[in-house]
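> Take this sequence and fold it.
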Amino acid sequence: MFRAEPLIELRLWILASEAQDVALLLARFGAFSPAPAAPDALPDVPGKAYAEVWDEARTRCAKLVELCGAPTADATPLAADVAPTLDDLVALNAWLKTVWSACLACHEGQAVIEQERARLAELEATLAKLEHLNVDLDSLLRPDGLLAADIGSLPAGSVKRVGEALTMTGFVIARFAQSGDQVFAVVAGPRPRHGEARGVLAQAGWRELSVPAALRTHPGAARAWLEEERRRLEARAGATCSRLDALRGEFAPRLEAARRQLALAQPLAEAARVARGKGGLAALVGWVPERDVAALRARLDARFPGRYAFDARRPSAGEARGVPTLVRDPPWLAPFRPLVEGYGTPRYGEFDPLLPFSLLYLLLFGAMFGDVGHGGALVLLAILLMPRIGRLAWIGVAAGLVSMLFGLLYGSVFGYEDILAPVWVSPLADPFRLLGIATGLGVGFLLLTLVINVGNQLLAGQFARALFDANGVAGIAFYLAVLALLGGMAGVVGQTWAVPAAAAVALAIIVAYKSVSGEGSPGERVLVAAIELLESAIGLFSNTLSFMRVAAFSFNHVALTMAIFTLASGLSAAAHGITLVLGNSVIVVLEGGVVAIQALRLVYYEGFARFFNADGKPFTPLRLAETI
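Predicted structure coming up:
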């Protein structure tokens, strides 16, 4: 639970002709994570062509499914299916290319038809405005006639004024339709004075109605032409759809088989990117959980007896950065894993902070948001959101339950402190006590992170760093000695000469270690060591004081509820109730969100940063895809 599962590096020497079958077996086994193989005596990448053909075929297949209709049949590989060879993939890719060309032609034909439909719709909209004109539009709008005419629209309130102004230019206006406050009209007059008329129209907000060439005839004839065009277009669309349906019926069965073959080929296509080979020999290198090595060997013996070589070894401490991390979480902890992964993945062999993170996160949240009513509302809200956010809702449920527990300790129910007697104490009843407890919580948590860091360094073989670094044993001794000094100054603990002596010795050890392990001249190394030590000390004690915000947010929670009660007092009964409901809703949603972020920040930056490298690689085994 506290560390990644032990992994074994496996190297399989196999026949290149059986590489696809071996990769398929490993994918069905589901616990082999491929890794780059060293060239050694196998300098070639035998699966490169296989992977390239698979990529191309998979892309074509995905486009076929997207553009020409998703198949409905199940294409999940069966247990008895075998992986395709390179020749099989090449033939499959060629067939997919042929089908794709035919499908693309139909798809492009449909796109052209949709564009034509849009054009006819625009013509229909224009014709609907012109149908009230019983005149041949081609004759009316001739550019070389003695009569100049314009068709457009203007605001209804301007028609009378515009008509009077146009009479001064010899033009007349005739309205033929209206849409809302816009009047559609024809303006006609002598061509020599057309410019004057257009100036009058421009000042009145005239909008020219463009008449396409297809509609420059009598509106009745245009309507007949438009109906004929629509019938012709629908006939083309029907023919295209029939062709596409025929194509679907023709290639659907084989497309299902193609999708199954591509799913079977995927393991080798992925493994081929890191596999090595020479001639008829190939090598696959990867990581397998230690508990699964014997089972994998048994499967290989059953399927390829005497036709493979098998080498297994444990990784050394110096290889931890290149080893993937496999964690198996218990179901009750699994919902918290995304929050840990938000900071990073544990390095192989590194302490997995999931359990302490989960417990501390809930503890901090409950302490800052302690209220029986608000915690219960949070539980209800998380349950209601469960269909949308999945198992993350369990974090909300757990946080709400812990808030209810602290609400019992504080004696608070929706801010009322006279319903339940506090099992412990109300935050504002003894604020200094809460501040001291919050600081003590910070001290305990930071000591835990330092101890975890020491363990990580020891496991990584960094013994000097584990003992003498500012985040090692010497740093813990210095931190405890300074805490004892502060406690003695406050009169909490007794003061003896041994405490400052221990602090001075720890300080000298840390400076000496940093001076020896640094770079540069002796003076530069001492100076850099002193600056780094000062920075570490300031960070350590400022992080300790950061936990005082736990108490501060618990005070803030009480203050917010008091503010709501103050706003509600003096209002009518109905307004009083509405204010309380809205105010408590704001507390649950907004303050609950702020507290969740603050608790996460405390764990991330005051805790994880001290021991969690967060640069691990997730364990990603070969798996057989359900479908392509």
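> From here on, just use CA atoms for contacts and neighbour counts.
Will do.
> any idea how far the spatially closest residue to residue 146 that is not a sequence neighbour lies from residue 138?
Among residues not flanking residue 146 along the chain, residue 191 sits closest, at 5.7 Å (C-alpha to C-alpha, 6 or more residues apart in numbering). Going from residue 191 to residue 138 by C-alpha to C-alpha, to the nearest Å gives 16 Å.
> Kindly report the same for residue 409.
Distance of residue 409 to residue 138, given as C-alpha to C-alpha: 89 Å.
> In terms of packing, which of these two has more residues around it?
For residue 409 versus residue 138, the count of surrounding residues by other C-alpha atoms under 10 Å is larger for residue 409: 21 against 14.
> so the more buried one is in which element?
Following DSSP states H and E, the helix or strand that holds residue 409 is helix 393-410.
> likewise residue 535?
helix 522-546.
> about what we covered before: tell me how many other residues surround the residue nearest to residue 146.
Neighbours of residue 191 (other C-alpha under 10 Å): 18.
> Could you verify my assumption that it touches residue 147?
Yes: checked against C-alpha atoms under 8 Å, the pair residue 191 and residue 147 is within contact range at 5.4 Å.
> so where is this structure shaky, pLDDT-wise?
Low-confidence segments of the chain (pLDDT under 70): 1, 38-41, 68-76, 78-80, 490-495, 520, 626-628.
> pull the longest helix from it.
Looking across the chain with DSSP state H, the single longest helix is helix 219-271.
> just checking, what packs against that one?
In terms of contacts (3 or more C-alpha pairs under 8 Å, 6 or more residues apart in numbering; DSSP states H and E), helix 219-271 is packed against helix 19-29, helix 48-67, helix 86-130.
> Next secondary structure element downstream of that helix?
Where DSSP H and E defines the elements, the next helix or strand beyond helix 219-271 is strand 276-278.
> mind listing the strands for the stretch 501-628 of the chain?
With DSSP state E, counting those that start in this stretch as the criterion, the stretch 501-628 of the chain has strands at 617-618.
> count of neighbours near the residue nearest to residue 378 when sequence neighbours are not counted?
Once flanking residues are discounted, residue 378 sits nearest to residue 400: 5.2 Å by C-alpha to C-alpha, 6+ apart. A count of neighbours around residue 400, defined by other C-alpha under 10 Å, yields 30.
> if I look at residue 400, how far off is residue 422?
Separation of residue 400 from residue 422 (C-alpha to C-alpha): 18 Å.
> Let me see the contact set for the residue nearest to residue 401 when sequence neighbours are not counted.
The shortest distance from residue 401 to any non-neighbouring residue, by C-alpha to C-alpha, 6+ apart, is to residue 375 (6.1 Å). The neighbourhood of residue 375, defined by C-alpha atoms under 8 Å, 6 or more residues apart in numbering, consists of 369, 399, 400, 401, 402, 403, 404, 407.
> Which helix or strand contains residue 375?
helix 372-389.
> how about that helix: buried residues?
Residues of helix 372-389 classed as buried by neighbour count (16 or more other C-alpha atoms under 10 Å): 372, 373, 374, 375, 376, 377, 378, 379, 381, 382, 383, 386.
> could those residues go into a markdown table alongside distance to residue 444?
A markdown table is the format used below for these (distance: C-alpha to C-alpha, whole Å):
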| residue | distance to residue 444 |
| --- | --- |
| 372 | 27 |
| 373 | 30 |
| 374 | 28 |
| 375 | 26 |
| 376 | 29 |
| 377 | 31 |
| 378 | 29 |
| 379 | 29 |
| 381 | 33 |
| 382 | 31 |
| 383 | 33 |
| 386 | 34 |
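> Any idea how many residues pack against residue 287?
27.
> a strand runs through residue 470, doesn't it?
No: going by DSSP: H, G, I helix; E, B strand; the rest coil, the assignment for residue 470 is coil, not a strand.
> For residue 462, see how far away it is.
The spacing between residue 470 and residue 462, counted by C-alpha to C-alpha, is 14 Å.
> And for residue 472?
Relative to residue 462, and taking C-alpha to C-alpha, residue 472 is found at 11 Å.
> Repeat that for residue 599.
31 Å.
> Same check on residue 50?
Taking C-alpha to C-alpha as the measure, residue 50 and residue 462 are separated by 43 Å.
> Between those two, tell me which one has more neighbours.
Ranked by neighbour count (other C-alpha under 10 Å), residue 50 and residue 462 place residue 50 first, with 23 against 15.
> give me the number of residues near residue 323?
Residue 323, neighbours per other C-alpha under 10 Å, totals 22.
> Touching, it and residue 349? I think so.
No: with contact defined as C-alpha under 8 Å, residue 323 does not count as touching residue 349 (9.1 Å).
> Who are the contact partners of the closest residue to residue 33 other than its chain neighbours?
Sequence neighbours aside, residue 621 is the residue nearest to residue 33 in space, at 3.9 Å (criterion: C-alpha to C-alpha, 6+ apart). Under the criterion of C-alpha under 8 Å, 6+ apart, the neighbours of residue 621 are 27, 30, 31, 32, 33, 34.
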